[in-house]
Structures are given as C-alpha cells and as structure tokens.
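1. have a look at this prediction, sequence included:
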Amino acid sequence: MIEVSQIVVLALGAIICLFSVWGFIAPDKIWKMINGVMEKDWAIHVAVIMRLLLGAALIIAAPQSRFPHVLEILGWLAIIAAVAILFMGRERLRNFVAWFQRMTNTMVRVWLLFGFAFGAFLVYAVT
C-alpha cells in the first residue's frame, strides 16, 4: 500500500519533471515566472516550506523506497537547504537567482536536464 509520504514524493518528483521540461522548452518563460515569484513577500516562505515538505517526505518514504539510504540523505539535504535559505534571507536569495540568470540558455537547459533526472529518480524511487 502506498503511503502519503510516497504520494508527496511522487507528486513533487512529477512537478520537478514538468517544470524542467517547461524550462527546457522555454527558458525565458520560466525565468519570467521565477522573477515574478521572487518579488512576492511569501516567496522565501514557500521555498522553505517546499524543501521541508520534500525533506520530511523523503525521510519518511525512504524505508519503503528502492533506494532507502539515498532518499534519506536527499531528505536531510533538502532540510539543510531549507535552513540555509532562512539564513540567506530574501536579498541573498535574489542574488543567488540572479547569478543563475547570467547563464546562457544552453547552460540553463543542462541544469534543467539534471532537474528532470532528479525528478524522474524520485518518481522511480517511490514507485
């Protein structure tokens, strides 16, 4: 029987895949969306909550997954990333995103291939 944590990991993995494909096809549009979100006061909170949710779901789903140790490590890394974002603050997070925006579309697409592979791995790991 599939657990809620596995459904959360499956859903987030699928969302990561979809956003990666969308960004690969139209990198300018994904940057426009990211910039729009980064202007909102709630953006940093959503970034932290999403990482905490993913981290907790990965840790809880790990024992029933195909790769329990890998998923547990990824879960803890997601939680560490959430804490790091809190300490970074809004302005540093914007600067970090701006640094990524200096990449060429080809470089962005390479990163998005890794994003797609990560999302696909999450889906595979819990199915």
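-> Nice, thanks for sending it over.
2. longest helix in the chain, by residue count?
-> When the chain is parsed with DSSP state H, its longest helix is helix 68-101.
3. what average pLDDT does that one get?
-> Over the span of helix 68-101, the pLDDT mean works out to 90.
4. now that helix: buried residues?
-> Using 16 or more other Cβ atoms under 10 Å as the test for burial, helix 68-101 gives 71, 72, 74, 75, 78, 79, 81, 82, 85, 88, 93, 94. Every residue, glycine included, has its C-beta placed from N, CA and C.
5. list just the nearest of the residues you listed to residue 33.
-> Of all the buried residues of helix 68-101, residue 94 has the smallest distance to residue 33: 14.9 Å, by Cβ to Cβ.
6. mind listing what the spatially closest residue to the closest one that is not a sequence neighbour touches?
-> Residue nearest to residue 94 in three dimensions, not counting chain neighbours: residue 38, with 5.7 Å by Cβ to Cβ, 6 or more residues apart in numbering. By Cβ atoms under 8 Å, 6 or more residues apart in numbering, the contact list for residue 38 reads 93, 94, 97.
7. wait, isn't the first one in contact with residue 45?
-> What it means is residue 93. No: in this structure, residue 93 is not within contact of residue 45 by Cβ atoms under 8 Å, at 11.3 Å.
8. quick revisit: need the buried residues of helix 68-101 in TSV with distance to residue 10, can you?
-> Formatted as TSV, the buried residues of helix 68-101 follow (distance: Cβ to Cβ, whole Å):
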residue	distance to residue 10
71	12
72	17
74	14
75	15
78	15
79	19
81	20
82	20
85	24
88	29
93	27
94	31
